[in-house]
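J.: Next comes the sequence, and after it the predicted model I'd like to discuss.
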Amino acid sequence: AQSVTQLDSHVSVSEGTPVLLRCNYSSSYSPSLFWYVQHPNKGLQLLLKYTSAATLVKGINGFEAEFKKSETSFHLTKPSAHMSDAAEYFCVVSVPDSWGKLQFGAGTQVVVTP
Amino acid sequence: GAVVSQHPSWVICKSGTSVKIECRSLDFQATTMFWYRQFPKQSLMLMATSNEGSKATYEQGVEKDKFLINHASLTLSTLTVTSAHPEDSSFYICSARRGADGGQPQHFGDGTRLSIL
């Protein structure tokens, strides 16, 4: 079975400091992993995806994530937080059934303080 | 690219009425579309998966007669909440994906806030 665990429900950072959002996955297969961001009352925006190519994946808005098979992790990072990064972040794994449904983590709320 | 438009963004209606929500992929053909429901401060809950030209596949516990899904073309899927009641009030989000490959990302609409009085 596929699942993801986001290790922090809430992260608070100061503007200009690094952001680290932790995600561990469980998968019987080589997983397809995604990070999405959701701003209040909005849908989800794709930040980046991993699909068994390079283990270091660069996304939009300065975010990147590293796939570590030995640690079953897919942590999301950004070197310098911006106020606009305040949002809910979801780590997601694709379930390799016939429809490729997504299994969502519980989400991490990011707060950015001036 | 990969823009998904969802309409309406907000709807308020009386108990017992039916509400239709549209989900359109504007710049790509979506073989597969998904409908989710999101409760406050929670993650997304998949309601159903729809493929163009075939019946939707509903998740366990989702009433198919209450939540009617139609995927009539490669760019349009609709969700109709029939005889809506206050407990159906929620944030509904659709997504669309090129093809059936789970490695392809889903692209999400901006959601519909449904309030039943």
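T.: Structure's in. What do you need? Residues are numbered from 1 along each chain as shown, chains lettered A, B, ... in the order given.
J.: Quick check: chain neighbours aside, which residue is closest to whichever residue of chain B sits closest to chain A?
T.: When scored by Cβ to the nearest Cβ, chain B has B:Gly102 as its residue closest to chain A, at 2.2 Å. For glycine as for every other residue, the C-beta is placed from the backbone atoms N, C-alpha and C. With sequence-adjacent residues excluded and distances taken as Cβ to Cβ, 6 or more residues apart in numbering or on different chains, B:Gly102 is closest to A:Gly100, at 2.2 Å.
J.: what's the closest residue to chain B within chain A in contact with, if anything?
T.: Nearest residue of chain A to chain B (Cβ to the nearest Cβ) works out as A:Gly100 at 2.2 Å. Listed by Cβ atoms under 8 Å, 6 or more residues apart in numbering or on different chains, the contact set of A:Gly100 reads A:32, A:94, B:32, B:97, B:100-104.
J.: Any chance of those in TSV with pLDDT and distance to B:Trp10 as columns?
T.: Below are those laid out as TSV (pLDDT from 0 to 100; distance: Cβ to Cβ, whole Å):
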residue	pLDDT	distance to B:Trp10
A:Ser32	89	33
A:Ser94	88	30
B:Thr32	91	26
B:Arg97	92	25
B:Ala100	73	32
B:Asp101	76	33
B:Gly102	75	31
B:Gly103	79	34
B:Gln104	84	30
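J.: which pair in these spans the largest distance?
T.: Of all pairs drawn from the contacts of A:Gly100, the one with the longest distance (Cβ to Cβ) is A:Ser32 and B:Thr32, at 14.3 Å.
J.: Which helix or strand contains the most centrally placed residue in chain B?
T.: By Cα atoms, centre = their mean, chain B has its centre lying nearest to B:Trp35, at 3.3 Å. Per DSSP states H and E, B:Trp35 falls inside strand B:32-38.
J.: Does that strand reach chain A?
T.: Yes - Strand B:32-38 reaches chain A (Cβ under 8 Å from any Cβ of the partner chain) through B:32, B:34.
J.: Sheet partners, orientation included, of that strand?
T.: strand B:44-51 (antiparallel), strand B:90-97 (antiparallel) (DSSP bridges).
J.: Turn those into TSV, columns for mean neighbour count.
T.: Shown next, in TSV, are the strands paired with strand B:32-38 (neighbours: other Cβ atoms under 10 Å in any protein chain shown):
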stretch	mean neighbour count
strand B:44-51	21
strand B:90-97	25
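J.: Where among these is average confidence lowest?
T.: Of all these, mean pLDDT reaches its minimum on strand B:44-51 (a mean of 92).
J.: For it, output the C-alpha coordinates as PDB.
T.: What follows is strand B:44-51, C-alpha atoms only, in PDB (Å, rounded to 0.1, in the frame of the first residue of the first chain):
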ATOM      1  CA  LEU B  44      -8.500  16.300   0.400                       C
ATOM      2  CA  MET B  45     -10.900  13.300   0.300                       C
ATOM      3  CA  LEU B  46     -11.300  11.600  -3.100                       C
ATOM      4  CA  MET B  47     -14.900  11.200  -4.000                       C
ATOM      5  CA  ALA B  48     -14.800   9.700  -7.500                       C
ATOM      6  CA  THR B  49     -12.700   9.200 -10.600                       C
ATOM      7  CA  SER B  50     -14.100   9.800 -14.000                       C
ATOM      8  CA  ASN B  51     -12.900   8.900 -17.400                       C
END
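J.: contacts for the following helix or strand past that strand?
T.: As assigned by DSSP H and E, the chain's next helix or strand after strand B:44-51 is strand B:57-58. By Cβ under 8 Å, 6+ apart, the residues outside strand B:57-58 that reach it are A:99, B:47-50, B:64, B:67, B:69.
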